[in-house]
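Trainee: Could you work out the structure for the sequence below:
(chains A and B)
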Amino acid sequence: MSQDSSFLTGFPRSPGPSGHTGDFPNTAGFLNHNINCFNINNVANVAVADDRSEILTWLSPLEPRLRHYDIQTRRVENVGDWLLRTEQFRRWRSGSSSSSGGGGRGESQKATMFCSGNPGVGKTYIR
Amino acid sequence: MLRCRNFSSLVIDTLGDGTDEAAEKDITVACFYFDFAAQQEQSAAGMLAALLKQVVSGLEPIPKEIVDVFREQKKIIGGRRLQVPEIVKMLGGFSSSRRTFFCLDALDECAAAERAKILRSLRDIIKVSSTARVFMTGRPHVGDEVEKNLPGRVTAVSISPRKDDIIRYIRRKLAEDSTSDEMDERLEAEIVKRIPETVSEM
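Mentor: Numbering: from 1, shown residues only, chains lettered A, B, ... in the order given. Okay, the predicted model is just below:
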């Protein structure tokens, strides 16, 4: 019961101790709490594991990884490797953790990298 | 934006392979590919939720705050999905405890109104998380929007085809060509020589 009462305090409209003394001024509220307690006590431990895929699907039905694998297979080896070798990319990737000296604060704040490609460059010739 | 797709895909794989000398083991890479044809489902909320899903799928167990909302919404008829502010808060929190890369491809293919929401959300995430990194590709015209919404936080790089990249690509395409009866070494050499010349000014 001590476990339940700590749970009940989480509710903004908790009937408080008077709810348990026998006079039920708010019967509907009391029943609701009981229902909630039932759910939590019986489901909490099992649900985390069982609901995993259900929760993930609820978060998003989209599967961007599949698109990634599709593009990955069509990628030409070594094309674009130069970008990975640029100072900008390395700095962006390793971030503030590697350049932890007090100096380069402005650079380390650049958490975002934007690569722009011109339309017409590449698309026409490289398809 | 085939070329940008290539770059996004390459970067995503490189980030995930742990070859970075400074990298910790615990790295999360979440990606999203925008597509004109899918603008309906690619809203700001939809995209951010897809990122969150990828981040959460690497966590064991699923964080309590998500399980709680999930259970709570199940009581509502039809349920409800997470709203942008909730997702942003969660992404900021989860990306603070481990290095997290968000890679968004072809930002220009996202509806303009949604793109603005997305950029503001990313700004809020990197504001609270020093270990979050964002990689984006897109046509140059969205570069201004990116700068405007993430002032001082953007490293901009212009991608133009390199001659050696073009040659690699052409060789691969020629190798795949099914009508290769007509192809001989001289013709291939000619193609490999000529096409890069026409784009060499880039």
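
Trainee: make it CA atoms for all contacts and neighbour counts henceforth
Mentor: OK.

Trainee: can you pull the buried residues of stretch B:53-62?
Mentor: B:Lys53, B:Gln54, B:Val55, B:Val56, B:Ile62 (16 or more other C-alpha atoms under 10 Å in any protein chain shown).

Trainee: Any idea which residue of chain A lies closest to chain B?
Mentor: Closest to chain B within chain A is A:Lys110: 4.0 Å, counting by C-alpha to the nearest C-alpha.

Trainee: distance of the residue lying closest to B:Ala132 once chain neighbours are set aside from B:Ile12?
Mentor: Nearest-residue entry for B:Ala132: B:Thr100, 4.9 Å, with adjacent residues in sequence omitted and distances by C-alpha to C-alpha, 6 or more residues apart in numbering or on different chains. With distances taken as C-alpha to C-alpha, to the nearest Å, B:Thr100 is found 11 Å from B:Ile12.

Trainee: How about B:Ser121?
Mentor: 21 Å.

Trainee: Among those two, which residue is more densely surrounded?
Mentor: B:Ser121 (24 against 21; other C-alpha atoms under 10 Å in any protein chain shown).

Trainee: that older thread, include distance to chain A and pLDDT when you put the buried residues of stretch B:53-62 into CSV, please.
Mentor: Formatted as CSV, those follow (distance: C-alpha to the nearest C-alpha, whole Å; pLDDT from 0 to 100):
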residue, distance to chain A, pLDDT
B:Lys53, 6, 97
B:Gln54, 8, 95
B:Val55, 10, 96
B:Val56, 8, 95
B:Ile62, 7, 94
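
Trainee: among these, which are in helices?
Mentor: The members of the buried residues of stretch B:53-62 that map onto helices under DSSP state H are B:Lys53, B:Gln54, B:Val55, B:Val56.

Trainee: what two of the buried residues of stretch B:53-62 are the furthest from one another?
Mentor: B:Gln54 and B:Ile62 (11.6 Å; C-alpha to C-alpha).

Trainee: got the contact list for the residue of chain B found nearest chain A?
Mentor: Distances between chain B and chain A by C-alpha to the nearest C-alpha are smallest at B:Arg153, namely 4.0 Å. Going by C-alpha atoms under 8 Å, 6 or more residues apart in numbering or on different chains, B:Arg153 touches A:Gln109, A:Lys110, A:Ala111, A:Thr112, B:Glu147.
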